[in-house]
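K.L.:
Sequence first, predicted model second:
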Amino acid sequence: MSLSASDPFGSSARIPASYMVPGTSSFSDFLAGQAPDLLPSRRSLPAGQAVDLAPHGTTIVAATFPGGVVMAGDRRATMGNVIAQRDIEKVFPADEFSAVGIAGSAGIAVEMVRLFQTELEHYEKIEGTTLSMAGKANRLAALIRSNLGMAMQGLAVVPLFAGFDHATGGGRIFSYDVTGGRYEESAFHSVGSGSVFARGSLKKLYRDDLSDGDCVVAVVQALYDAADDDSATGGPDLTRRIFPVVHVITADGGRRLPDADVADVADRVISGRMQRPDGPQAGLS
Amino acid sequence: MSMPFYVSPEQLMKDRADYARKGIARGRSVVAVQYADGVLFVSENPSQALHKVSEIYDRIAFAAVGRYNEFENLRIAGVRLADMRGYSYDRRDVTGRGLANAYAQTLGTIFSSGGEKPYEVELFVAEIGDAPEDDQIYRLTYDGQVADVHNYAVMGGAADVVAAYLEERYAPGESLDDAIRLAVSALGHTEEGDRVIPAEDLEVAVLDRTRSQPRKFLRILPARLTQLLGDRGPSEPNPEPEVESSVPAHAASGAEGPPSPPPTSTGSGDDDAPIAPPG
């Protein structure tokens, strides 16, 4: 087994003194000092647009319900006019009580999610307590902010962050811009290329007294509407049985809904659309 | 003209070892017990904030006795090593053996270097596998020795007495309830008599392979612990406050300190073969 010199874990040498220094509880800060080349954003790119180099992920939606929050993402990644992947996963658990969904440059986004997951777990282990919900949201903002240079060359990452906040006793949703701006959203939000259509759909479907099951139906409907009008968002794939990734987070923790459950919801949504392709009808007044 | 003192290398190392042993022997014991679903750690530790048992990674836990500031540094270094490796490779590439080796090298270098005082700590690094046969407990001493122990292990002040109690009563494949009851009564056992340690003064944690999350470490808090332990009769807190980290080492381990037995005792002698360094 041969490992690089910067990896003391594999070598037989003493642990470097910098590992023993108390101080930071942030993994990304520690990484910046020890192995900055591992940071997703620490890269110098040649001038020019890199937007068409790598796949892009698309639509993520999140909505709160009494007692928690639901986040869902479609399964498509695109490169220009090509569907780069039809079963990509874009919603990840960030820790036990939060989830992060990503839109934008998929490779960098996935790496950033891995760093964010490690960041939260690292803090929890070092400090013996979890970060507050706002603290987690701010750490994610810091990671996005450091990516601004690449965002300006077309490799933007725009996440959506949602979780259960034990301090307020409910679900919370945070959205971001490429400069690291952090905005708390109420009730529901969406990001990605199909987000305008998804948000329009949720505006008509969302009510603040939805049960968790109904909230899942609402976000799946919203993703269907996004896929209906946005070519970069994948709709339910009936032949391959590929359906959105849905995470539900409550006071008991977060879980990804089993594929069979999401398939049930998607089948119900589709059978409704067979009768009425534009989806459920909202009242006029 | 003053005569330079000659101290033989043997004497120098012996003095350093005695110094470290005395520091470790002042603290209370930590017990690690293998049970059916993983590894259990129990320690008498009235502090809810300063832990002796901690999570390192998905399947790896850390327990320590001795000086708090020293083992806390080692714990943080372990978390950083594990997270760094898990981030740059994959979660499955973080192993207890690698961590035990890194600790052994560190403790060994510090012990044999003239410039630093030896660490007054002893550590357990435990890792659980998919089956009880795959579970590993490594015991590391102040001088960087590593031993691979099986079934149970004790370190700290009264390690001999506690280990003798466990040796008589330990059976492999116990349930969590039985293992906790055994470990707690072993910690309360002294040559003078048995003591019931209050549930609030116990620090209990498990690596439980039946947990559905990837992170298998779980603290068992006093409320659940009281349920698991059942009725044990009236409890007696330890009358002597622990001295470890609050007392300056040089003041406490001077020549006037009471002689302490070496706190070395492991599950079964045959299993104490040192592990090889990574290839």
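P.N.:
Structure received. For clarity, every value in this text was computed on a predicted model and none was experimentally measured.
K.L.:
For the stretch 1-150 of chain B, which segments count as strands?
P.N.:
B:30-35, B:38-44, B:53-57, B:60-66, B:121-127, B:136-140, B:146-149 (DSSP state E, counting those that start in this stretch).
K.L.:
out of the ones you listed, nearest to B:Arg219?
P.N.:
B:Arg219 lies closest, by CB to CB, to one member of the strands of the stretch 1-150 of chain B: strand B:53-57, at 8.0 Å. C-beta: built from backbone N, CA, C; applies to glycine.
K.L.:
got a markdown table for the strands of the stretch 1-150 of chain B, with distance to chain A, mean pLDDT and mean neighbour count too?
P.N.:
Supplementary listing: these in a markdown table, determined by distance: least, CB to the nearest CB, whole Å; pLDDT from 0 to 100; neighbours: other CB atoms under 10 Å in any protein chain shown:
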| stretch | distance to chain A | mean pLDDT | mean neighbour count |
| --- | --- | --- | --- |
| strand B:30-35 | 17 | 95 | 26 |
| strand B:38-44 | 15 | 95 | 26 |
| strand B:53-57 | 5 | 96 | 24 |
| strand B:60-66 | 10 | 95 | 27 |
| strand B:121-127 | 13 | 96 | 27 |
| strand B:136-140 | 13 | 96 | 24 |
| strand B:146-149 | 12 | 94 | 21 |
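K.L.:
In CSV, list the ones you listed along with distance to B:Glu10.
P.N.:
Putting these into CSV (distance: least, CB to CB, whole Å) gives the following:
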stretch, distance to B:Glu10
strand B:30-35, 31
strand B:38-44, 34
strand B:53-57, 36
strand B:60-66, 24
strand B:121-127, 22
strand B:136-140, 23
strand B:146-149, 23
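K.L.:
of all those strands, which lies closest to A:Phe243?
P.N.:
When these are compared by CB to CB, strand B:53-57 sits nearest A:Phe243, at 32.7 Å.
K.L.:
Please, where are all the helices along the chain?
P.N.:
As the question left the chain open, I've gone with chain A. With DSSP state H as the criterion, chain A has helices at A:17-20, A:27-34, A:106-127, A:133-145, A:148-152, A:195-205, A:212-229, A:259-275.
K.L.:
wait, chain B
P.N.:
Ranges of helices within chain B are B:9-26, B:68-88, B:96-112, B:159-169, B:176-187, B:222-229, B:249-252, based on DSSP H.
K.L.:
helices or strands up against the third one?
P.N.:
With contacts defined as 3 or more CB pairs under 8 Å, 6 or more residues apart in numbering or on different chains; DSSP states H and E, the packing partners of helix B:96-112 are helix B:9-26, helix B:68-88, strand B:121-127, strand B:136-140, strand B:146-149.
K.L.:
Just the buried positions in that helix, please.
P.N.:
For helix B:96-112, the neighbour count (16 or more other CB atoms under 10 Å in any protein chain shown) marks B:96-108, B:110-111 as buried.
K.L.:
How about the fifth one?
P.N.:
Along helix B:176-187, these residues count as buried under the neighbour rule (16+ other CB under 10 Å): B:Leu176, B:Asp178, B:Ala179, B:Ile180, B:Arg181, B:Leu182, B:Ala183, B:Val184, B:Ser185, B:Ala186, B:Leu187.
K.L.:
Could you do stretch A:101-115 as well?
P.N.:
Neighbour-count burial for stretch A:101-115 flags A:101-113, A:115 (criterion: 16+ other CB under 10 Å).
K.L.:
for A:Leu257, what are its contacts?
P.N.:
A:Val216, A:Val246, A:His247, A:Val248 (CB atoms under 8 Å, 6 or more residues apart in numbering or on different chains).
K.L.:
what about 7 Å?
P.N.:
A:Val216, A:Val246, A:Val248 (CB atoms under 7 Å, 6 or more residues apart in numbering or on different chains).
K.L.:
Now distance to A:Arg255 and mean pLDDT too, for the helices of chain B, in a markdown table please.
P.N.:
Output for those, formatted as a markdown table (distance: least, CB to CB, whole Å; pLDDT from 0 to 100):
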| stretch | distance to A:Arg255 | mean pLDDT |
| --- | --- | --- |
| helix B:9-26 | 43 | 87 |
| helix B:68-88 | 22 | 94 |
| helix B:96-112 | 28 | 93 |
| helix B:159-169 | 39 | 92 |
| helix B:176-187 | 24 | 94 |
| helix B:222-229 | 22 | 89 |
| helix B:249-252 | 48 | 40 |
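K.L.:
out of those helices, nearest to A:Pro280?
P.N.:
Across those, the minimum distance to A:Pro280, taken as CB to CB, is reached by helix B:68-88, at 43.9 Å.
K.L.:
Name all residues that make contact with the residue lying closest to A:Ile144 once chain neighbours are set aside.
P.N.:
Sequence neighbours aside, A:Gly180 is the residue nearest to A:Ile144 in space, at 4.5 Å (criterion: CB to CB, 6 or more residues apart in numbering or on different chains). Contacts for A:Gly180 (CB under 7 Å, 6+ apart) come out as A:Ala141, A:Ala142, A:Ile144, A:Arg145.
K.L.:
out of the buried residues of stretch A:101-115, which one sits closest to chain B?
P.N.:
A:Leu115 (7.0 Å; CB to the nearest CB).
K.L.:
Do you know the pLDDT at the closest one?
P.N.:
Turning to A:Leu115, the model gives it a pLDDT of 96.
K.L.:
The one 4 residues further on too?
P.N.:
The confidence metric pLDDT takes the value 96 at A:Glu119.
K.L.:
residues near it, how many?
P.N.:
Neighbour count for A:Glu119, taken as other CB atoms under 10 Å in any protein chain shown: 27.
K.L.:
quick one: contacts for whichever residue of the stretch 1-150 of chain B sits closest to chain A?
P.N.:
Chain A sits closest to B:Ala77 of the stretch 1-150 of chain B, with a gap of 4.1 Å, by CB to the nearest CB. B:Ala77 makes contact with A:Ile15, A:Tyr19, A:Met20, according to CB under 7 Å, 6+ apart.
K.L.:
if you set the cut-off to 8 Å instead, what comes out?
P.N.:
Per CB under 8 Å, 6+ apart, neighbours of B:Ala77: A:Ile15, A:Tyr19, A:Met20, B:Ala102, B:Thr106.
K.L.:
how about the buried residues of stretch A:101-115, which pair is most distant?
P.N.:
Across those, the longest distance by CB to CB is 17.2 Å; it joins A:Ala103 and A:Leu115.
K.L.:
Now for the residue nearest to B:Pro46 when sequence neighbours are not counted: which residues touch it?
P.N.:
Distance criterion CB to CB, 6+ apart; nearest residue to B:Pro46, sequence neighbours excluded, is B:Asp201 at 4.6 Å. Contacts for B:Asp201 (CB under 8 Å, 6+ apart) come out as B:Glu44, B:Asn45, B:Pro46, B:Pro237, B:Asn238.
K.L.:
do that again at 10 Å, thanks
P.N.:
B:28, B:43-48, B:187, B:222, B:235-238 (CB atoms under 10 Å, 6 or more residues apart in numbering or on different chains).
K.L.:
quick one: it from B:Arg219, how far?
P.N.:
With distances taken as CB to CB, to the nearest Å, B:Asp201 is found 15 Å from B:Arg219.
K.L.:
Good, wrapping up.
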